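Provide a 3D model corresponding to the input given below.
(chains A and B)
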Amino acid sequence: MNRIIHHPILGEKKPSKEVVIYVDDKPIIAHEGEMIAAALIANGIFINRYTLHKHKPRGIYCAIGRCTDCIMTVDGVPNIRTCITEVKEGMRITTQKGAGVWQKEDQQ
Amino acid sequence: MIQTELAIVGAGPAGLSAAIEARRAGADVLLIDENARPGGQLFKQIHKFFGSRAHKAGTRGINIGTELLRESQELGIRTCLKGEVCGIENGQNLWVVIDRNRSEIVKAKKIILATGATENAVAFPGWDLPGIMGAGAAQTMINVNRVLPGRKVLMLGSGNVGVIVSYQLLQAGADVVAVLEAAPKLGGYGVHTAKVARAGVPFYVSHTVKQAFGTDHVEAVEIVKLDASFNQIPGTERIMEADTVCLATGLTPLTELAWLAGCKFKYLPALGGHLPIHDDRMRTTKENIFVAGDITGIEEASTAMEEGRLAGINAAADLGYISEEEAKIRSREIWDSLNCLRSGYFGQKRRESKDLMLQTGNEVIQWKIH
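You can find the predicted model right below:
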(Lines give C-alpha, C1' and ligand atoms only; values in the text may rest on other atoms or scores of the structure.)
Protein backbone atom coordinates (compact mmCIF):
# COMPACT_ATOMS: atom_id res chain seq x y z
CA MET A 1 0.00 0.00 0.00
CA ASN A 2 1.25 3.46 -0.86
CA ARG A 3 -1.00 5.45 1.42
CA ILE A 4 0.57 8.08 3.65
CA ILE A 5 -0.97 7.43 7.09
CA HIS A 6 1.34 9.48 9.34
CA HIS A 7 2.47 12.94 8.32
CA PRO A 8 4.50 15.46 10.34
CA ILE A 9 2.48 18.46 9.06
CA LEU A 10 -0.86 17.06 8.02
CA GLY A 11 -1.20 14.67 10.95
CA GLU A 12 -2.78 11.23 10.90
CA LYS A 13 -4.90 10.39 7.89
CA LYS A 14 -8.54 10.51 8.87
CA PRO A 15 -10.35 7.23 8.38
CA SER A 16 -12.20 7.21 5.07
CA LYS A 17 -15.17 5.20 3.96
CA GLU A 18 -13.97 2.42 1.70
CA VAL A 19 -15.53 1.74 -1.68
CA VAL A 20 -14.85 -1.05 -4.16
CA ILE A 21 -13.91 -0.16 -7.72
CA TYR A 22 -12.93 -2.53 -10.52
CA VAL A 23 -9.79 -2.09 -12.58
CA ASP A 24 -9.74 -4.40 -15.59
CA ASP A 25 -12.36 -6.47 -13.73
CA LYS A 26 -10.19 -6.83 -10.63
CA PRO A 27 -11.69 -5.32 -7.44
CA ILE A 28 -9.59 -2.85 -5.46
CA ILE A 29 -10.33 -0.81 -2.36
CA ALA A 30 -10.54 2.95 -2.83
CA HIS A 31 -11.41 5.76 -0.41
CA GLU A 32 -14.64 7.67 -0.93
CA GLY A 33 -14.05 11.09 -2.49
CA GLU A 34 -10.54 10.42 -3.75
CA MET A 35 -9.45 10.69 -7.35
CA ILE A 36 -9.25 7.52 -9.44
CA ALA A 37 -5.52 8.06 -10.18
CA ALA A 38 -4.79 8.30 -6.46
CA ALA A 39 -6.72 5.11 -5.72
CA LEU A 40 -4.71 3.31 -8.41
CA ILE A 41 -1.38 4.50 -7.00
CA ALA A 42 -2.52 3.53 -3.51
CA ASN A 43 -3.02 0.02 -4.89
CA GLY A 44 0.29 -0.09 -6.73
CA ILE A 45 -1.15 0.49 -10.22
CA PHE A 46 0.98 2.92 -12.21
CA ILE A 47 -0.07 2.29 -15.82
CA ASN A 48 -3.26 4.08 -16.87
CA ARG A 49 -3.14 3.50 -20.60
CA TYR A 50 -1.11 2.39 -23.64
CA THR A 51 -0.44 4.73 -26.56
CA LEU A 52 -2.17 4.31 -29.91
CA HIS A 53 0.72 3.51 -32.25
CA LYS A 54 3.66 2.28 -30.19
CA HIS A 55 1.61 0.76 -27.35
CA LYS A 56 3.83 2.42 -24.75
CA PRO A 57 2.67 2.64 -21.13
CA ARG A 58 1.63 5.97 -19.63
CA GLY A 59 1.04 6.99 -16.02
CA ILE A 60 0.14 10.26 -14.33
CA TYR A 61 2.09 13.31 -15.45
CA CYS A 62 0.51 16.61 -14.28
CA ALA A 63 -2.17 15.34 -11.86
CA ILE A 64 -4.25 18.52 -12.33
CA GLY A 65 -6.25 17.59 -15.40
CA ARG A 66 -4.16 19.35 -18.02
CA CYS A 67 -1.93 16.80 -19.77
CA THR A 68 -4.39 13.91 -20.35
CA ASP A 69 -1.65 11.31 -19.84
CA CYS A 70 -3.70 9.51 -17.17
CA ILE A 71 -6.87 9.02 -19.22
CA MET A 72 -8.72 5.70 -18.89
CA THR A 73 -12.05 4.22 -19.82
CA VAL A 74 -14.45 4.72 -16.92
CA ASP A 75 -17.89 3.07 -16.86
CA GLY A 76 -17.71 2.60 -20.60
CA VAL A 77 -16.62 6.14 -21.44
CA PRO A 78 -13.07 6.53 -22.80
CA ASN A 79 -10.64 9.43 -22.25
CA ILE A 80 -11.60 10.23 -18.67
CA ARG A 81 -8.96 12.24 -16.81
CA THR A 82 -8.52 9.99 -13.80
CA CYS A 83 -6.51 12.55 -11.79
CA ILE A 84 -9.55 14.85 -11.45
CA THR A 85 -12.36 12.29 -11.45
CA GLU A 86 -13.61 10.94 -8.13
CA VAL A 87 -14.12 7.24 -7.48
CA LYS A 88 -17.64 5.90 -7.06
CA GLU A 89 -18.72 2.61 -5.52
CA GLY A 90 -18.76 -0.12 -8.16
CA MET A 91 -17.03 2.00 -10.81
CA ARG A 92 -15.56 -0.05 -13.67
CA ILE A 93 -12.24 1.21 -14.99
CA THR A 94 -10.27 -0.18 -17.91
CA THR A 95 -6.65 0.41 -18.85
CA GLN A 96 -7.17 2.31 -22.07
CA LYS A 97 -5.60 1.18 -25.35
CA GLY A 98 -5.08 3.98 -27.84
CA ALA A 99 -8.15 6.17 -28.29
CA GLY A 100 -10.32 3.68 -26.39
CA VAL A 101 -13.74 2.34 -27.27
CA TRP A 102 -17.17 3.61 -26.24
CA GLN A 103 -18.74 0.71 -24.43
CA LYS A 104 -22.20 2.14 -23.90
CA GLU A 105 -24.42 2.18 -26.96
CA ASP A 106 -26.51 5.14 -25.85
CA GLN A 107 -23.42 7.33 -25.55
CA GLN A 108 -22.03 6.71 -29.02
CA MET B 1 -28.49 30.33 -19.69
CA ILE B 2 -26.99 31.61 -16.45
CA GLN B 3 -26.73 35.36 -15.98
CA THR B 4 -24.27 37.06 -13.69
CA GLU B 5 -22.60 40.42 -13.32
CA LEU B 6 -19.13 38.97 -12.88
CA ALA B 7 -17.93 35.54 -13.97
CA ILE B 8 -14.57 34.38 -12.65
CA VAL B 9 -12.83 31.45 -14.31
CA GLY B 10 -10.62 29.57 -11.86
CA ALA B 11 -11.16 29.20 -8.11
CA GLY B 12 -7.52 29.24 -7.07
CA PRO B 13 -5.88 31.95 -4.94
CA ALA B 14 -6.40 34.67 -7.59
CA GLY B 15 -10.00 33.74 -8.50
CA LEU B 16 -11.10 33.31 -4.89
CA SER B 17 -9.53 36.63 -3.85
CA ALA B 18 -11.17 38.40 -6.78
CA ALA B 19 -14.55 36.85 -5.97
CA ILE B 20 -14.33 37.87 -2.31
CA GLU B 21 -13.51 41.52 -3.12
CA ALA B 22 -16.17 41.86 -5.79
CA ARG B 23 -18.86 40.15 -3.73
CA ARG B 24 -18.00 42.24 -0.69
CA ALA B 25 -18.53 45.34 -2.81
CA GLY B 26 -21.98 44.06 -3.73
CA ALA B 27 -21.48 42.49 -7.15
CA ASP B 28 -23.25 39.31 -8.19
CA VAL B 29 -20.41 36.82 -8.72
CA LEU B 30 -20.25 33.38 -10.33
CA LEU B 31 -17.01 31.49 -9.66
CA ILE B 32 -16.36 28.65 -12.13
CA ASP B 33 -13.79 25.86 -11.70
CA GLU B 34 -13.35 22.55 -13.48
CA ASN B 35 -12.34 20.74 -10.31
CA ALA B 36 -14.68 19.11 -7.82
CA ARG B 37 -13.26 21.35 -5.07
CA PRO B 38 -12.19 24.99 -5.11
CA GLY B 39 -8.77 26.20 -3.92
CA GLY B 40 -6.62 25.54 -6.96
CA GLN B 41 -3.11 24.53 -5.99
CA LEU B 42 -3.27 26.08 -2.49
CA PHE B 43 -4.16 22.82 -0.78
CA LYS B 44 -0.94 21.14 -1.80
CA GLN B 45 1.16 24.01 -0.42
CA ILE B 46 1.78 22.68 3.07
CA HIS B 47 4.83 24.90 3.62
CA LYS B 48 4.82 28.34 5.19
CA PHE B 49 4.67 31.29 2.80
CA PHE B 50 7.27 34.03 2.48
CA GLY B 51 6.82 37.79 2.50
CA SER B 52 5.71 40.11 5.28
CA ARG B 53 2.96 39.36 7.77
CA ALA B 54 0.54 41.37 5.64
CA HIS B 55 1.17 38.82 2.90
CA LYS B 56 0.26 35.97 5.22
CA ALA B 57 3.92 35.00 5.57
CA GLY B 58 4.49 32.22 8.03
CA THR B 59 1.08 30.75 7.18
CA ARG B 60 0.85 27.46 5.30
CA GLY B 61 -0.83 27.60 1.90
CA ILE B 62 -3.31 24.95 2.95
CA ASN B 63 -4.51 27.18 5.80
CA ILE B 64 -4.75 30.20 3.51
CA GLY B 65 -6.90 28.08 1.20
CA THR B 66 -9.20 27.06 4.06
CA GLU B 67 -9.52 30.71 5.10
CA LEU B 68 -10.37 31.89 1.56
CA LEU B 69 -13.02 29.18 1.22
CA ARG B 70 -14.55 30.11 4.56
CA GLU B 71 -14.75 33.77 3.49
CA SER B 72 -16.26 32.95 0.12
CA GLN B 73 -18.87 30.74 1.78
CA GLU B 74 -19.76 33.41 4.32
CA LEU B 75 -20.28 35.87 1.49
CA GLY B 76 -22.48 33.36 -0.28
CA ILE B 77 -20.47 33.40 -3.50
CA ARG B 78 -22.15 31.29 -6.17
CA THR B 79 -19.77 28.56 -7.29
CA CYS B 80 -20.00 26.30 -10.32
CA LEU B 81 -17.69 23.32 -9.75
CA LYS B 82 -16.86 20.64 -12.33
CA GLY B 83 -17.47 23.39 -14.86
CA GLU B 84 -15.04 23.44 -17.78
CA VAL B 85 -15.00 26.72 -19.66
CA CYS B 86 -14.53 25.66 -23.28
CA GLY B 87 -15.30 28.88 -25.10
CA ILE B 88 -15.66 32.62 -24.78
CA GLU B 89 -17.28 35.05 -27.19
CA ASN B 90 -17.90 38.79 -27.46
CA GLY B 91 -16.12 39.29 -24.16
CA GLN B 92 -19.27 38.31 -22.29
CA ASN B 93 -20.48 34.78 -23.06
CA LEU B 94 -18.78 31.74 -21.62
CA TRP B 95 -19.52 28.25 -22.88
CA VAL B 96 -19.30 25.92 -19.89
CA VAL B 97 -19.53 22.13 -19.92
CA ILE B 98 -20.79 21.07 -16.50
CA ASP B 99 -20.11 17.66 -15.04
CA ARG B 100 -19.12 16.49 -18.54
CA ASN B 101 -22.75 16.04 -19.57
CA ARG B 102 -24.45 19.37 -20.04
CA SER B 103 -23.69 22.58 -21.79
CA GLU B 104 -24.45 25.97 -20.33
CA ILE B 105 -23.96 29.52 -21.53
CA VAL B 106 -22.93 31.98 -18.85
CA LYS B 107 -23.72 35.55 -19.79
CA ALA B 108 -21.60 37.97 -17.77
CA LYS B 109 -21.11 41.73 -17.81
CA LYS B 110 -17.48 41.33 -16.72
CA ILE B 111 -15.15 38.34 -16.79
CA ILE B 112 -11.99 37.68 -14.79
CA LEU B 113 -9.70 34.97 -16.17
CA ALA B 114 -7.72 33.41 -13.32
CA THR B 115 -6.83 30.13 -14.99
CA GLY B 116 -3.37 29.61 -13.50
CA ALA B 117 -0.52 27.66 -15.03
CA THR B 118 0.71 24.20 -15.92
CA GLU B 119 4.11 22.56 -15.46
CA ASN B 120 6.75 22.47 -18.17
CA ALA B 121 8.15 19.20 -19.43
CA VAL B 122 11.72 18.26 -20.34
CA ALA B 123 12.00 15.66 -23.06
CA PHE B 124 14.81 13.11 -22.78
CA PRO B 125 14.77 9.49 -23.98
CA GLY B 126 12.40 7.64 -21.65
CA TRP B 127 10.78 10.78 -20.24
CA ASP B 128 7.33 9.42 -21.02
CA LEU B 129 7.67 6.34 -18.78
CA PRO B 130 5.24 5.95 -15.89
CA GLY B 131 6.97 7.30 -12.78
CA ILE B 132 8.20 10.44 -14.51
CA MET B 133 5.98 13.38 -13.65
CA GLY B 134 5.79 17.04 -12.85
CA ALA B 135 7.02 17.94 -9.37
CA GLY B 136 3.63 19.53 -8.74
CA ALA B 137 1.96 16.25 -9.69
CA ALA B 138 3.95 14.41 -7.02
CA GLN B 139 3.08 17.21 -4.60
CA THR B 140 -0.63 16.80 -5.34
CA MET B 141 -0.38 13.06 -4.81
CA ILE B 142 1.42 13.25 -1.45
CA ASN B 143 -0.25 16.29 0.12
CA VAL B 144 -3.77 16.28 -1.29
CA ASN B 145 -4.38 12.62 -2.13
CA ARG B 146 -1.99 11.26 0.49
CA VAL B 147 -0.52 8.55 -1.67
CA LEU B 148 3.18 8.08 -2.42
CA PRO B 149 3.88 7.95 -6.15
CA GLY B 150 7.37 6.49 -5.52
CA ARG B 151 10.04 5.63 -2.97
CA LYS B 152 13.26 6.77 -4.63
CA VAL B 153 12.81 10.12 -6.29
CA LEU B 154 15.18 12.10 -8.46
CA MET B 155 14.32 15.80 -8.68
CA LEU B 156 15.25 17.73 -11.82
CA GLY B 157 15.34 21.45 -11.04
CA SER B 158 16.48 23.24 -7.88
CA GLY B 159 14.12 26.22 -7.99
CA ASN B 160 11.56 26.74 -5.25
CA VAL B 161 9.21 24.08 -6.60
CA GLY B 162 12.09 21.58 -6.80
CA VAL B 163 13.37 22.08 -3.28
CA ILE B 164 9.97 22.53 -1.63
CA VAL B 165 8.58 19.37 -3.22
CA SER B 166 11.81 17.49 -2.40
CA TYR B 167 11.38 18.36 1.25
CA GLN B 168 7.70 17.44 1.20
CA LEU B 169 8.56 14.09 -0.42
CA LEU B 170 10.91 13.45 2.49
CA GLN B 171 8.14 14.42 4.92
CA ALA B 172 5.83 11.98 3.15
CA GLY B 173 8.32 9.17 3.65
CA ALA B 174 10.08 8.98 0.28
CA ASP B 175 13.81 9.03 -0.33
CA VAL B 176 15.10 11.82 -2.58
CA VAL B 177 18.21 10.43 -4.27
CA ALA B 178 19.39 13.73 -5.74
CA VAL B 179 18.39 17.20 -6.88
CA LEU B 180 19.82 18.13 -10.29
CA GLU B 181 20.22 21.68 -11.58
CA ALA B 182 21.20 22.44 -15.19
CA ALA B 183 22.46 25.93 -14.28
CA PRO B 184 25.78 26.34 -12.48
CA LYS B 185 23.96 27.83 -9.45
CA LEU B 186 21.08 26.58 -7.30
CA GLY B 187 17.78 28.32 -7.98
CA GLY B 188 15.61 28.18 -4.85
CA TYR B 189 15.30 30.22 -1.67
CA GLY B 190 18.10 29.44 0.78
CA VAL B 191 15.76 28.38 3.57
CA HIS B 192 14.08 25.67 1.49
CA THR B 193 17.34 24.54 -0.15
CA ALA B 194 19.11 24.28 3.20
CA LYS B 195 16.39 22.09 4.69
CA VAL B 196 16.80 19.57 1.87
CA ALA B 197 20.61 19.73 2.07
CA ARG B 198 20.52 19.20 5.86
CA ALA B 199 18.44 16.07 5.27
CA GLY B 200 21.43 14.70 3.37
CA VAL B 201 20.08 14.98 -0.19
CA PRO B 202 22.96 15.53 -2.66
CA PHE B 203 22.67 18.49 -5.07
CA TYR B 204 24.32 18.40 -8.50
CA VAL B 205 24.66 21.73 -10.29
CA SER B 206 25.44 21.79 -14.05
CA HIS B 207 23.75 18.40 -14.37
CA THR B 208 20.73 17.08 -16.20
CA VAL B 209 19.02 13.78 -17.01
CA LYS B 210 20.43 12.18 -20.16
CA GLN B 211 17.94 9.32 -20.28
CA ALA B 212 15.64 7.18 -18.17
CA PHE B 213 15.52 3.38 -18.26
CA GLY B 214 12.65 0.99 -17.65
CA THR B 215 9.96 -0.97 -19.46
CA ASP B 216 6.70 -0.48 -17.56
CA HIS B 217 8.08 2.04 -15.08
CA VAL B 218 11.22 4.10 -14.63
CA GLU B 219 13.89 2.01 -12.89
CA ALA B 220 17.08 4.03 -13.32
CA VAL B 221 18.26 7.35 -14.67
CA GLU B 222 21.46 8.34 -16.41
CA ILE B 223 22.62 11.79 -15.39
CA VAL B 224 25.26 13.86 -17.18
CA LYS B 225 27.32 16.97 -16.49
CA LEU B 226 26.75 20.11 -18.58
CA ASP B 227 29.29 22.66 -19.77
CA ALA B 228 28.79 26.44 -19.54
CA SER B 229 26.68 26.37 -22.73
CA PHE B 230 24.44 23.60 -21.34
CA ASN B 231 25.94 20.95 -23.66
CA GLN B 232 26.31 17.44 -22.26
CA ILE B 233 29.95 16.52 -21.50
CA PRO B 234 30.63 13.00 -22.82
CA GLY B 235 32.24 10.67 -20.31
CA THR B 236 30.61 12.32 -17.28
CA GLU B 237 27.53 10.08 -17.27
CA ARG B 238 26.55 8.07 -14.24
CA ILE B 239 23.60 5.84 -13.45
CA MET B 240 21.31 6.43 -10.49
CA GLU B 241 18.60 4.10 -9.28
CA ALA B 242 15.19 5.80 -9.05
CA ASP B 243 11.56 4.76 -9.37
CA THR B 244 10.34 8.34 -9.81
CA VAL B 245 11.66 11.40 -11.61
CA CYS B 246 10.09 14.76 -10.79
CA LEU B 247 10.44 17.59 -13.28
CA ALA B 248 10.57 20.98 -11.58
CA THR B 249 11.48 22.96 -14.66
CA GLY B 250 9.16 25.89 -14.57
CA LEU B 251 5.56 26.60 -15.48
CA THR B 252 3.64 28.04 -18.40
CA PRO B 253 0.59 30.28 -17.99
CA LEU B 254 -2.73 28.78 -19.10
CA THR B 255 -3.72 31.49 -21.57
CA GLU B 256 -6.05 29.62 -23.95
CA LEU B 257 -9.18 31.53 -22.97
CA ALA B 258 -7.41 34.88 -23.31
CA TRP B 259 -6.28 33.89 -26.84
CA LEU B 260 -9.81 32.74 -27.69
CA ALA B 261 -11.26 35.98 -26.35
CA GLY B 262 -9.02 37.94 -28.70
CA CYS B 263 -6.78 39.57 -26.09
CA LYS B 264 -3.51 41.03 -27.36
CA PHE B 265 -0.35 39.42 -25.99
CA LYS B 266 3.18 40.41 -25.01
CA TYR B 267 6.20 38.10 -24.74
CA LEU B 268 7.98 38.29 -21.39
CA PRO B 269 10.24 35.26 -20.83
CA ALA B 270 10.99 36.10 -17.19
CA LEU B 271 7.27 35.70 -16.44
CA GLY B 272 6.75 32.50 -18.41
CA GLY B 273 6.28 33.50 -22.08
CA HIS B 274 3.33 34.94 -24.00
CA LEU B 275 0.99 36.80 -21.67
CA PRO B 276 -2.25 38.72 -22.14
CA ILE B 277 -1.47 42.43 -21.97
CA HIS B 278 -2.97 44.06 -18.89
CA ASP B 279 -2.95 47.47 -17.25
CA ASP B 280 -2.70 48.48 -13.60
CA ARG B 281 -6.39 47.63 -13.08
CA MET B 282 -5.80 44.11 -14.49
CA ARG B 283 -7.87 44.96 -17.57
CA THR B 284 -6.92 43.23 -20.83
CA THR B 285 -7.10 44.73 -24.32
CA LYS B 286 -10.51 43.07 -24.71
CA GLU B 287 -13.34 45.10 -23.25
CA ASN B 288 -14.86 43.65 -20.05
CA ILE B 289 -12.16 41.01 -19.58
CA PHE B 290 -9.74 41.11 -16.66
CA VAL B 291 -6.90 38.75 -15.74
CA ALA B 292 -5.24 37.81 -12.42
CA GLY B 293 -2.72 35.33 -11.07
CA ASP B 294 -0.38 33.05 -12.99
CA ILE B 295 -2.15 33.71 -16.32
CA THR B 296 -0.45 37.14 -16.16
CA GLY B 297 2.98 35.63 -15.44
CA ILE B 298 4.38 32.84 -13.29
CA GLU B 299 4.75 33.98 -9.70
CA GLU B 300 3.54 32.82 -6.32
CA ALA B 301 0.23 32.38 -4.55
CA SER B 302 0.87 35.55 -2.54
CA THR B 303 1.11 37.70 -5.69
CA ALA B 304 -1.83 35.85 -7.25
CA MET B 305 -4.04 36.75 -4.28
CA GLU B 306 -3.09 40.44 -4.51
CA GLU B 307 -3.69 40.50 -8.26
CA GLY B 308 -7.00 38.76 -7.70
CA ARG B 309 -8.02 41.47 -5.24
CA LEU B 310 -7.02 44.14 -7.79
CA ALA B 311 -9.11 42.53 -10.51
CA GLY B 312 -12.06 42.04 -8.16
CA ILE B 313 -12.04 45.63 -6.95
CA ASN B 314 -11.70 47.09 -10.43
CA ALA B 315 -14.34 44.82 -11.95
CA ALA B 316 -16.68 45.87 -9.12
CA ALA B 317 -15.84 49.52 -9.80
CA ASP B 318 -16.53 48.96 -13.47
CA LEU B 319 -19.94 47.56 -12.50
CA GLY B 320 -20.62 50.65 -10.42
CA TYR B 321 -20.27 49.13 -6.95
CA ILE B 322 -17.15 51.05 -5.97
CA SER B 323 -16.43 54.67 -6.80
CA GLU B 324 -13.66 55.42 -9.27
CA GLU B 325 -11.77 57.25 -6.54
CA GLU B 326 -11.99 54.46 -3.99
CA ALA B 327 -10.92 51.90 -6.57
CA LYS B 328 -7.87 54.02 -7.35
CA ILE B 329 -6.85 54.38 -3.71
CA ARG B 330 -7.31 50.69 -2.96
CA SER B 331 -5.51 49.69 -6.16
CA ARG B 332 -2.56 51.86 -5.21
CA GLU B 333 -2.33 50.14 -1.82
CA ILE B 334 -2.31 46.74 -3.47
CA TRP B 335 0.37 47.84 -5.94
CA ASP B 336 2.54 48.93 -3.01
CA SER B 337 2.08 45.50 -1.54
CA LEU B 338 2.83 43.79 -4.88
CA ASN B 339 5.95 45.87 -5.40
CA CYS B 340 7.09 44.78 -1.96
CA LEU B 341 6.54 41.12 -2.89
CA ARG B 342 8.44 41.70 -6.13
CA SER B 343 11.56 43.11 -4.50
CA GLY B 344 14.86 41.58 -3.56
CA TYR B 345 17.12 39.14 -5.38
CA PHE B 346 14.32 36.79 -6.48
CA GLY B 347 11.63 39.37 -7.18
CA GLN B 348 13.55 42.00 -9.12
CA LYS B 349 13.40 40.29 -12.53
CA ARG B 350 9.67 39.73 -12.21
CA ARG B 351 9.22 43.34 -11.14
CA GLU B 352 11.08 44.61 -14.21
CA SER B 353 8.98 42.45 -16.55
CA LYS B 354 5.78 43.44 -14.78
CA ASP B 355 6.72 47.11 -15.20
CA LEU B 356 7.17 46.53 -18.95
CA MET B 357 3.75 44.86 -19.04
CA LEU B 358 2.07 47.76 -17.24
CA GLN B 359 3.77 50.28 -19.48
CA THR B 360 2.36 48.54 -22.57
CA GLY B 361 -0.98 47.90 -20.90
CA ASN B 362 -1.52 51.47 -19.73
CA GLU B 363 -0.62 52.67 -23.24
CA VAL B 364 -2.77 50.38 -25.37
CA ILE B 365 -5.80 49.62 -23.21
CA GLN B 366 -8.44 52.13 -24.16
CA TRP B 367 -11.73 50.95 -22.81
CA LYS B 368 -12.99 53.16 -20.07
CA ILE B 369 -14.66 52.44 -16.78
CA HIS B 370 -18.36 53.01 -17.37
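
got the contact list for residue B:350?
By Cβ atoms under 8 Å, 6 or more residues apart in numbering or on different chains, the contact set of residue B:350 is B:270-271, B:297, B:299, B:342. For every residue, glycine as well, the C-beta is placed using N, CA and C.

ugh, wrong one, I meant residue B:181
B:157-158, B:162, B:187, B:203-207.

most widely separated two among the residues you listed?
Using Cβ to Cβ, the contacts of residue B:181 span at most 15.1 Å, a distance reached by B:162 and B:206.

if you count surrounding residues, which of these two has more?
Using other Cβ atoms under 10 Å in any protein chain shown as the criterion, residue B:162 and residue B:206 rank with residue B:162 on top: 27 against 18.

what about that one, which helix or strand?
Using DSSP states H and E, residue B:162 maps to helix B:160-171.

output the contacting helices and strands for that helix.
Applying 3 or more Cβ pairs under 8 Å, 6 or more residues apart in numbering or on different chains; DSSP states H and E, one finds that helix B:160-171 makes contact with helix B:135-139, strand B:152-156, strand B:175-181, helix B:190-198, strand B:244-247.

show me which residues of the helix or strand just after the last one are buried.
On the C-terminal side of strand B:244-247, the nearest following helix or strand under DSSP H and E is strand B:251-253. The neighbour-count check on strand B:251-253 (16 or more other Cβ atoms under 10 Å in any protein chain shown) flags B:251-253 as buried.

and strand B:251-253, anywhere near chain A?
No: Strand B:251-253 is not in contact with chain A by Cβ under 8 Å from any Cβ of the partner chain; minimum separation 9.9 Å.

quick one on the thing from earlier: state the mean pLDDT of the helix holding residue B:162.
Helix B:160-171 shows a mean pLDDT of 97.

quick one: that helix to helix B:190-198, angle?
Put simply, helix B:160-171 runs at 40 degrees to helix B:190-198, going by axes from the mean of the first three to the mean of the last three Cα atoms, to 10 degrees.

quick one: distance of helix B:160-171 to the chain centre.
Between the centre of helix B:160-171 and the centre of its chain there are 17 Å (Cα atoms, centre = their mean, to the nearest Å).

now do stretch A:63-79
That offset, for stretch A:63-79, works out to 8 Å (Cα atoms, centre = their mean).

compute the first-to-last residue distance for it.
15 Å (Cα to Cα, to the nearest Å).

which helix or strand contains residue B:36?
Applying DSSP H and E, one finds residue B:36 in no helix or strand.

distance of it relative to chain A?
Look at residue B:36 and chain A: by Cβ to the nearest Cβ, to the nearest Å, they are 6 Å apart.

show the contacting residues for residue A:60.
A:37, A:41, A:48, A:69-70, A:82-83, B:130, B:133, B:137, B:141, B:149.

buried subset of the contacts of residue B:181?
B:157-158, B:162, B:187, B:203-207.

which of these has the weakest pLDDT?
Lowest confidence among the buried ones among the contacts of residue B:181: residue B:187, with 94.

OK, contacts around the closest residue to it other than its chain neighbours?
Distances taken as Cβ to Cβ, 6 or more residues apart in numbering or on different chains place residue B:159 nearest to residue B:187, at 3.9 Å, with adjacent residues excluded. Counting by Cβ under 8 Å, 6+ apart, residue B:159 makes contact with B:187-188, B:248, B:250.

again, but for residue B:281
Taking Cβ under 8 Å, 6+ apart, one finds B:290, B:310-311, B:314, B:327, B:331 in contact with residue B:281.

any idea what the residue nearest to residue B:265 when sequence neighbours are not counted is bridged to?
Leaving aside its sequence neighbours, residue B:265 sits nearest to residue B:274 (Cβ to Cβ, 6+ apart; 4.8 Å). Beta-bridge partners recorded for residue B:274 (DSSP bridges): residue B:267.

so residue B:274 makes contact with residue B:256?
No: proximity of residue B:274 to residue B:256 does not meet the contact threshold set by Cβ atoms under 8 Å, at 11.2 Å.

hmm, back to that, next, the residue nearest to residue B:187: phi, psi?
Note on residue B:159: its backbone torsions stand at phi -70, psi -170 [degrees, to the nearest 10].

that one and residue A:84, how far apart?
According to Cβ to Cβ, to the nearest Å, residue B:159 stands 25 Å off from residue A:84.

related to what we said a few turns ago, which residues are contacting the helix holding residue B:162?
Against helix B:160-171 from outside (Cβ under 8 Å, 6+ apart): A:7-9, B:46-47, B:135-136, B:138-139, B:142-143, B:153, B:155-156, B:176, B:179, B:181, B:187-189, B:192-193, B:195-196, B:199, B:201, B:246, B:248, B:251.

up against chain A, what does the stretch 151-300 of chain B have?
Contacts of the stretch 151-300 of chain B with chain A, taken as Cβ under 8 Å from any Cβ, map to B:171-173, B:216-217, B:254.

repeat the analysis, applying 7 Å as the threshold.
B:171-173, B:216-217 (Cβ under 7 Å from any Cβ of the partner chain).

and the helices in chain A?
Residue ranges of the helices in chain A, as given by DSSP state H, are A:36-42.

contacts only, for whichever residue of it sits closest to chain B.
Distances between chain A and chain B by Cβ to the nearest Cβ are smallest at residue A:59, namely 2.9 Å. Taking Cβ atoms under 7 Å, 6 or more residues apart in numbering or on different chains, we find residue A:59 in contact with A:46-48, A:70, B:130-131.

of those, which is the most crowded?
Neighbour max across these (other Cβ under 10 Å) = residue A:70, 29 neighbours.

hang on, it packs against residue A:37?
Yes: between residue A:70 and residue A:37 a contact is recorded at 5.1 Å, counting by Cβ atoms under 7 Å.

who touches both of those two?
By Cβ under 7 Å, 6+ apart, residue A:70 and residue A:37 have these common neighbours: A:60, A:82-83.

ok, of these, which one's closest to residue B:306?
Once Cβ to Cβ is applied, the member of the shared contacts of residue A:70 and residue A:37 that ends up nearest residue B:306 is residue A:83, at 29.1 Å.

up against chain A, what does the stretch 1-150 of chain B have?
Selection of the stretch 1-150 of chain B residues close to chain A by Cβ under 7 Å from any Cβ yields B:34-36, B:46, B:118-119, B:128, B:130-131, B:133-134, B:137, B:140-143, B:145-149.

now with 6 Å?
B:35-36, B:46, B:118-119, B:130, B:133-134, B:137, B:140, B:145-149 (Cβ under 6 Å from any Cβ of the partner chain).

distance of the residue of the stretch 101-250 of chain B at minimum distance from chain A from residue B:178?
Going by Cβ to the nearest Cβ, chain A is nearest to residue B:130 of the stretch 101-250 of chain B, at 2.9 Å. In this view, residue B:130 and residue B:178 are 20 Å apart by Cβ to Cβ.

that'll do, ta.
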